[in-house]
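Asker: Sequence plus predicted model, see below.
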Amino acid sequence: MILLIDAGNTRVKWRLTAADAPRQAIEEGALAHDAIGSLASLRARYPALSRAVGCNVAGAAIAAHLDQTLAGIGIEWLRPGANCCGVRNHYEQPARLGADRWAALIGARQLHRQACLVVTAGTATTIDLLSADGEFLGGLILPGVDLMQHALAHGTAQLPLAEGRFTLQPRRTVDAIHSGCLLAQAGAVERMFRQIASQPQAKCLLGGGAADSFAGLLDIPLRRVDNLVLIGLGAIAAAGEIHPQ
């Protein structure tokens, strides 16, 4: 069995798969950082668990905690490179691409073989262009919806951090903040999609915990997909294109 691990800024998502079918979930879940230790129970419940493949953007301390929790297995941490699973990385320095973005691009390639925009909306929002030939062309990183709202509240004297509602013509400050942050996300996604809009079957693949907050505002071909990173890690594990560090 293989354990796939997506260690993000807020949560750790995981998926247990069979070694011969790493794209099919036997069990999966999500944990807060302070609950990582509970993953140790998987080893007791699944004695056949012998491999872990992970992606970490949460920092060295979280990686160390996961390594300690799964001691004896040896997590194979993904390091972005120039090529993997049919995706070619055109970052100026391929190794500097975030591992989560790299895994999500590979996951998107498994689901959609035409040009696509790969969007993950979480603590940060990433918006990446993938050509029909599997070329990663580049992308954006911007603050996520909650981070935008917190930045306004903490960086200004009179703008509150409070629940607002979306409206196209806000007439309350809390609604103006909430609506502005959602439209900023949607606008960035739609502007990036213009670059591939004319290509056959071009689509936006949208995932992440904040995706539903602005998905309905997008006027582009759209597919909601959760756990693109885990899908990508499963493909990488199946291809044998990652090795213990």
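Answerer: Here it is on my side, so go on.

Asker: and residue 164, that one's in a strand?
Answerer: No: per DSSP: H, G, I helix; E, B strand; the rest coil, residue 164 lies outside any strand segment and is coil.

Asker: how's the protein carved up into domains?
Answerer: Residue ranges for the domains of the chain, per automatic domain parsing: 2-77, 83-230.

Asker: Can you lay out these as TSV showing mean neighbour count, distance to residue 236 and mean pLDDT?
Answerer: All C-beta spots, glycine's among them, are computed from the backbone N, C-alpha and C. Formatted as TSV, those follow (neighbours: other C-beta atoms under 10 Å; distance: least, C-beta to C-beta, whole Å; pLDDT from 0 to 100):
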stretch	mean neighbour count	distance to residue 236	mean pLDDT
domain 2-77	17	7	92
domain 83-230	18	6	94
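
Asker: wait, which of the ones you listed is closest to residue 237?
Answerer: domain 2-77 (4.5 Å; C-beta to C-beta).

Asker: in the chain, which spans are strands?
Answerer: For the chain, the strands defined by DSSP state E cover 2-7, 11-18, 21-32, 51-56, 75-77, 83-84, 87-89, 116-121, 124-130, 135-143, 203-207, 222-224.

Asker: Looking at the ones you listed, which is nearest to residue 101?
Answerer: Using C-beta to C-beta, the nearest of the strands of the chain to residue 101 is strand 124-130, at 5.4 Å.

Asker: contacts for that closest one?
Answerer: With C-beta atoms under 8 Å, 6 or more residues apart in numbering as the test, strand 124-130 has contacts from 9, 87, 98, 100-101, 104-105, 108-109, 115-120, 136-145, 147, 185, 188-189, 192, 195-196, 208, 210.

Asker: Repeat that for stretch 12-25.
Answerer: Applying C-beta under 8 Å, 6+ apart, the contact partners of stretch 12-25 are 1-6, 26-33, 36, 39, 42, 46, 49-51, 58, 62, 66, 110, 227, 229-231, 234-235, 237-238.
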